[in-house]
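Participant: below are the sequence and a predicted model; questions follow.
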Amino acid sequence: MNNCLTISESRTKTRTLSALLFLSALIASTVGQGQEDKPSGTLSGQESSSEGELAKKTQNPVADLISVPIQNNFNFNVGPYNQTQTVMNIQPVVPIKLNDDFNLITRTILPVVD
């Protein structure tokens, strides 16, 4: 019976690691898009206006931006041995433009329990 529990825990940890690697690759690919090497210094007018537009979009809950908030919770005295439980919720928000009038916004909540 102990061997089955160990295999189950190993599979859970492997799935958790796979999910985290997938999400980190997704975040890295989204962050890398549209970034160019530019010399350090002051921002030009076009760059500062694009930052202003980005600031406005981040305040709009239905904007065309992908976000991946991560929430980590601790639960104390769980189970018969009063252990600490860690629950990390990964909540990617992905808007999909259907047409000019409609957007489909998906928000999947992926709990990773340890």
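Facilitator: Looks like it came in fine.
Participant: how many other residues sit next to Gln59?
Facilitator: By other C-beta atoms under 10 Å, 7 other residues sit near Gln59. For the C-beta atoms, the positions are set from N, CA and C on the backbone; glycine is no exception.
Participant: how far away is it from Asn75?
Facilitator: Distance, Gln59 to Asn75, by C-beta to C-beta, to the nearest Å: 32 Å.
Participant: now Ile105
Facilitator: Distance from Ile105 to Asn75, by C-beta to C-beta: 29 Å.
Participant: ok, now which ones touch Val62?
Facilitator: Under the criterion of C-beta atoms under 8 Å, 6 or more residues apart in numbering, the neighbours of Val62 are 95, 103, 105.
Participant: tell me which helix or strand of this protein sits lowest on mean pLDDT?
Facilitator: helix 2-32 (a mean of 64; mean pLDDT, DSSP states H and E).
Participant: wait, isn't Thr106 in contact with Val94?
Facilitator: Yes. Using C-beta atoms under 8 Å, Thr106 is in contact with Val94, at 4.9 Å.
Participant: who has more neighbours, these two?
Facilitator: Between Thr106 and Val94, counting by other C-beta under 10 Å, Val94 is the more crowded of the two (14 against 9).
Participant: please give the element, helix or strand, for that one.
Facilitator: strand 93-97 (DSSP states H and E).
Participant: flag every buried residue along that strand.
Facilitator: Pro95 (16 or more other C-beta atoms under 10 Å).
Participant: kindly report the same for stretch 86-103.
Facilitator: By 16+ other C-beta under 10 Å, the buried positions in stretch 86-103 come out as 88, 90, 92, 95.
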